[in-house]
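Participant: When you get a sec, could you give me coordinates for this:
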Amino acid sequence: MTAGINAPGRARIPVRSLRTDRWWLPPLITNLGLATFVIYATVRSFMGEWYWVDDYHYLTPFYSPCISESCVPGSAHFGEWIGELPGWIPMGFLALPFLLGFRLTCYYYRKAYYRSVWQSPTACAVAEPHAKYSGETRFPLILQNVHRYFFYVAGIVAVINTYDAIVAFHSPDGGFGMGLGNVILLINVIMLWAYTLSCHSCRHIAGGRLKHFSAHPVRYKLWTFVSKLNVRHMQLAWITLGTLMLTDLYVMLVASGAISDLRFV
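Facilitator: Predicted structure coming up:
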């Protein structure tokens, strides 16, 4: 069925919209924000250096878990499962595809890039540039339905990131140590957990398909907790993009010798 500006019954208005406000600003900001993260994350993932601080055991989340012989000594927390990697494969290849899939299929990110990138629709009362609409019933958008399975993997990766943050409480003499990098790593992990648990799929897993909450008090409490997080899902989606870049940037600057880590203990 024909849709968009050529839909049957639509008033023949020569302009795309009669709105006089800056309706184009939110999608523009969204595009710039997403592009900034994609460019930064892509460059850093393929850079192959300055991702591990041996003195303090700081490991950037973009390279975790590092499981190849290409990893610098000490950064492979779970062992080196495979040999040297060619330069076109990022060292965080085990987790990155699943994390990308988790974000791409996320309900909020769908809304964000459908409106800003795909312009479907760009804003209320603004005509779409597309002639047809099939929703998420055809390839490739039908793959959005695998979001729940990406959520499972994202949960495992969050556990790995938590482990990375814990082992980073390390000092050069081998004992306990704490610095600004630990605070940044810890905040990033907390935000990642908040974003992951605020996922709509997590909310459905916690309380979906229940006819009587009174008969399932534990699941009801879990559902209530996740629902409170779910209200902030959009904010957490953006916050975690920021904390991921900040964490990686800090580790890179310390690892490269550009700055020194501020030590507290």
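Participant: Let me see the confidence value for W118.
Facilitator: Note for W118: predicted pLDDT of 89.
Participant: what's the burial count for S120?
Facilitator: Residues near S120, counting by other Cβ atoms under 10 Å, number 16. Bear in mind the C-beta positions are built from the backbone N, C-alpha and C, glycine included.
Participant: How about N230?
Facilitator: By the criterion of other Cβ under 10 Å, N230 has 20 neighbours.
Participant: What about S68, how many residues nearby?
Facilitator: Neighbours around S68, by other Cβ under 10 Å: 17.
Participant: Enumerate the helices of the stretch 51-200 of the chain by residue range, in sequence order.
Facilitator: Counting by DSSP state H, counting those that start in this stretch, the stretch 51-200 of the chain has these helices, from start to end: 96-104, 107-116, 147-167, 180-197, 200-207.
Participant: Next, the angle from the third one to helix 200-207.
Facilitator: I take that to be helix 147-167. 90 degrees (axes from the mean of the first three to the mean of the last three Cα atoms, to 10 degrees).
Participant: by contact count, what packs against helix 147-167?
Facilitator: helix 96-104, helix 180-197, helix 200-207 (3 or more Cβ pairs under 8 Å, 6 or more residues apart in numbering; DSSP states H and E).
Participant: among those, which gets the worst mean confidence?
Facilitator: helix 200-207 (a mean of 92).
Participant: which parts of that helix are buried?
Facilitator: 200-203, 205-207 (16 or more other Cβ atoms under 10 Å).
Participant: Repeat that for stretch 66-78.
Facilitator: For stretch 66-78, a neighbour-count test (16+ other Cβ under 10 Å) marks 66-68, 70-72, 75-77 as buried.
Participant: from the residues you listed, which single one is nearest A194?
Facilitator: Nearest to A194 out of the buried residues of stretch 66-78 is H77 (Cβ to Cβ; 23.2 Å).
Participant: and stretch 102-116, C-alpha only, in CSV?
Facilitator: In CSV, the C-alpha atoms belonging to stretch 102-116 read as follows (Å, rounded to 0.1, in the frame of the first residue of the first chain):
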residue,chain,number,x,y,z
PHE,A,102,22.2,-5.3,21.2
ARG,A,103,22.2,-1.6,20.6
LEU,A,104,21.0,-1.7,17.0
THR,A,105,17.9,-3.8,18.0
CYS,A,106,17.3,-1.8,21.3
TYR,A,107,13.8,-0.4,21.3
TYR,A,108,15.1,3.1,22.1
TYR,A,109,17.8,3.1,19.5
ARG,A,110,15.3,1.8,16.9
LYS,A,111,13.2,4.9,17.6
ALA,A,112,16.3,7.1,17.4
TYR,A,113,17.7,6.0,14.1
TYR,A,114,14.4,5.3,12.5
ARG,A,115,13.5,8.9,13.0
SER,A,116,16.9,10.6,12.5
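Participant: Just the strands from this protein, written as ranges.
Facilitator: 52-53, 58-59 (DSSP state E).
Participant: Let me know which of the ones you listed is tucked in deepest.
Facilitator: strand 58-59 (a mean of 29; mean count of other Cβ atoms under 10 Å).
Participant: Residues contacting that strand, please?
Facilitator: 51-53, 66, 75, 77, 164, 168, 181, 185, 250-251, 254-255, 261 (Cβ atoms under 8 Å, 6 or more residues apart in numbering).
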